[in-house]
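# Return a 3D structure for these sequence lines:
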Amino acid sequence: MGGKEHVVKVIDWSAEFDEGRGGRKLLRIKITAEVDCVKSDYEITYGRYGRRNAAVGFAAAWADAPGGRKTDVERFSALVKALTGREPGVYRIKDGRIKI
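Numbers count the residues shown, from 1 in each chain. Coordinates of the predicted model:
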């Protein structure tokens, strides 16, 4: 990730269906992992959106995570890359949030 190596250890995970706003079905994947010796809980939410009904996943980084939001984004991106082999897109929103 960005020229750095990260040590990733998945401790636990779960997946469940949920109902979002407007009755839309969502898939929530919760992962407990240790990335660079920092244990955290991560959540990815998938749903179908748009005219094409495309499956899209969203995740958020938390400011109260050890090291702050930017470091949490880096650790979460390393986790996603370790699990999928692909680096996720990271987008900054005007209100200070970061979407992964």
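# Might you report the residue contacts of the most centrally placed residue in the chain?
For the chain, the residue nearest the mean C-alpha position is Ala59 (3.9 Å; Cα atoms, centre = their mean). Ala59 is in contact with 42-45, 76, 88, 99-100, counting by Cβ atoms under 8 Å, 6 or more residues apart in numbering. Where you see a C-beta, it was placed from the backbone N, CA and C, and this is true even at glycine.
# Strands of the protein, start to end?
Using DSSP state E, the strands found in the chain span residues 8-19, 25-35, 38-49, 54-58, 91-92, 98-99.
# Switch these over to CSV; also include distance to Leu83.
Formatted as CSV, these follow (distance: least, Cβ to Cβ, whole Å):
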stretch, distance to Leu83
strand 8-19, 8
strand 25-35, 8
strand 38-49, 10
strand 54-58, 12
strand 91-92, 20
strand 98-99, 18
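# Could you list the low-pLDDT ranges of the chain?
Residues of the chain meeting the criterion pLDDT under 70: 1-3.
# which stretch among the strands of the chain comes nearest Thr71?
When those are compared by Cβ to Cβ, strand 38-49 sits nearest Thr71, at 8.3 Å.
# Listing partners with orientation, what would you give for that closest one?
When sheet partners are counted by DSSP bridges, strand 38-49 sits next to strand 25-35 (antiparallel), strand 54-58 (antiparallel).
# Just name the most buried of those.
Highest mean neighbour count of the strands paired with strand 38-49: strand 25-35, a mean of 16 (counted as mean count of other Cβ atoms under 10 Å).
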